[in-house]
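A.B. asks: Here is a sequence together with a model predicted from it:
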Amino acid sequence: MNYIMVLESIINPEREEKTPKNMLLVGFLYSTVGIFVSLWIFKGQSSIPQIFLTTLPLVVIVNKALRLEEEKTKYEKKFLIKEHGPILSLFMYLFIGLLISYAFWFTILPSDTVKEVFHTQINTIRDITGQDIALTAFATSSSGRFTPILLNNLQVLAFCIIFSFLYGGGAIFIHTWNASIIGVAVGSVMRSTLKTYAGTLNSEFLYNYLGSFTVSFSYMVHGVFEVAAYFLGAVAGGIISFAVVNHDYNTRKFKHIVVDSFDTLVMAVVILIFAAFVEVYVTPVL
């Protein structure tokens, strides 16, 4: 309980919206604490618990941020998609911090520890790609798969909306899970490159290792749009959720909230369509 109380009390969403880059460190710190606490408490079965331990304090922070957003929506009478920019930036930096943390720890932790902490993520990537995680996971072509990719992304968006509506900040669990999946995929490329070229000359090692950053993070060319869309969905679901909890549904303000949430969802769907196009036709080229 102290673990949750200390971590959740560090962050003030209203302050962090003005300096969203701080959420990079928050994402890295919280996920790191989640990993090592799960290794300590759930030894041998820490893959899923570490996600929950990372998510627990983040739910409180996200709920506070969504409550602030709902207040904005009630009292502002202008088109509010731009108003969601600060909270979207906050969530995006948080996601990137989580991703960097998972990629970093996957790269440097001992093999046995990596298999324990990221067991479920490794199996998930293997199920998706049909291959062991390595460079080949990024070389798999997405050409001709526009519709399946878009439908899968829309399904994830629906989960984010539902989780956010039912559990407030609960959608952060899905985002943390996605960050761990991408982080493991990125970390696997880094780890594979380190193994392959660690014994070579310095110049060759640096060339190949730095090149692996380009390969692994090319995934984020479309991933950043997907993540933004998912967070927009979470914001829309969360705003309506807090409006219902506050009994605003009998007022004119609630209608305004619904319209704003619908606008936000439309934007999320448009972004996902664009992201699927990039994933199919741009990322494979990179």
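C.D. replies: Cool, got the structure. Because the structure is a prediction, the values reported are computed rather than measured. Residues are numbered from 1 along each chain as shown.
A.B. asks: can you give me the helices in the stretch 1-150 of the chain?
C.D. replies: 2-10, 13-16, 22-41, 49-75, 85-108, 111-117, 119-129, 136-139, 146-167 (DSSP state H, counting those that start in this stretch).
A.B. asks: Would you mind finding the most buried of those helices?
C.D. replies: Mean neighbour count (mean count of other Cβ atoms under 10 Å) peaks for helix 85-108 among the helices of the stretch 1-150 of the chain, with a mean of 22. Heads up, the C-betas are built off the backbone N, CA and C, glycines and all.
A.B. asks: What helices and strands are in contact with it?
C.D. replies: Secondary-structure packing of helix 85-108 (3 or more Cβ pairs under 8 Å, 6 or more residues apart in numbering; DSSP states H and E): helix 13-16, helix 22-41, helix 49-75, helix 172-197, helix 220-245.
A.B. asks: Out of those, flag the one nearest Ser111.
C.D. replies: For those, proximity to Ser111 was assessed by Cβ to Cβ; helix 172-197 is nearest, at 8.9 Å.
A.B. asks: Name the residues of that closest one that are buried.
C.D. replies: 172-193, 197 (16 or more other Cβ atoms under 10 Å).
A.B. asks: Please name every helix or strand in contact with that helix.
C.D. replies: helix 22-41, helix 49-75, helix 85-108, helix 119-129, helix 136-139, helix 146-167, helix 202-217, helix 220-245.
A.B. asks: Phe254 is nearest to which of those?
C.D. replies: If we rank the helices and strands packed on helix 172-197 by Cβ to Cβ, the stretch that ends up nearest is helix 220-245, at 5.5 Å.
A.B. asks: And the closest one, what's buried?
C.D. replies: Neighbour-count burial for helix 220-245, counted by 16+ other Cβ under 10 Å, picks out 220, 222-243.
A.B. asks: circling back: need the helices and strands packed on helix 85-108 in TSV with distance to Phe159, can you?
C.D. replies: Below are these laid out as TSV (distance: least, Cβ to Cβ, whole Å):
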stretch	distance to Phe159
helix 13-16	23
helix 22-41	20
helix 49-75	14
helix 172-197	6
helix 220-245	9
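A.B. asks: Figure out which of those helices is closest to Ala275.
C.D. replies: Judged by Cβ to Cβ, the one of the helices and strands packed on helix 85-108 that comes nearest to Ala275 is helix 220-245, at 3.7 Å.
A.B. asks: Tell me what angle the closest one forms with helix 146-167.
C.D. replies: With axes from the mean of the first three to the mean of the last three Cα atoms, to 10 degrees applied, the angle from helix 220-245 to helix 146-167 works out at 30 degrees.
A.B. asks: quick check: mean pLDDT across helix 220-245?
C.D. replies: Here helix 220-245 scores 80 as its mean pLDDT.
A.B. asks: Tell me the gap between it and the middle of its chain.
C.D. replies: 11 Å (Cα atoms, centre = their mean, to the nearest Å).
A.B. asks: now stretch 167-185
C.D. replies: 5 Å.
A.B. asks: cool, and stretch 47-56?
C.D. replies: For stretch 47-56, the gap between its own C-alpha mean and the chain's C-alpha mean amounts to 14 Å (Cα atoms, centre = their mean).
A.B. asks: What of stretch 178-188?
C.D. replies: With Cα atoms, centre = their mean as the basis, stretch 178-188 stands 10 Å off its chain's centre.
A.B. asks: Pull it out as PDB, backbone CA atoms only.
C.D. replies: Only the C-alpha atoms of stretch 178-188 are listed here, as PDB (Å, rounded to 0.1, in the frame of the first residue of the first chain):
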ATOM      1  CA  ASN A 178       1.400  -2.200 -25.300                       C
ATOM      2  CA  ALA A 179       4.400  -0.300 -24.200                       C
ATOM      3  CA  SER A 180       5.900  -3.500 -22.700                       C
ATOM      4  CA  ILE A 181       5.200  -5.400 -26.000                       C
ATOM      5  CA  ILE A 182       6.900  -2.700 -28.100                       C
ATOM      6  CA  GLY A 183       9.700  -2.300 -25.600                       C
ATOM      7  CA  VAL A 184      10.400  -6.000 -25.700                       C
ATOM      8  CA  ALA A 185      10.500  -6.000 -29.500                       C
ATOM      9  CA  VAL A 186      12.800  -3.000 -29.500                       C
ATOM     10  CA  GLY A 187      15.000  -4.500 -26.700                       C
ATOM     11  CA  SER A 188      15.300  -7.800 -28.600                       C
END
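A.B. asks: All further residue positions should be reported with the first residue as 532.
C.D. replies: From this message on, residue numbering opens at 532, which makes the last subject stretch 709-719.
A.B. asks: returning to what we had before: weakest of the helices and strands packed on helix 703-728 by average pLDDT?
C.D. replies: helix 667-670 (a mean of 43).
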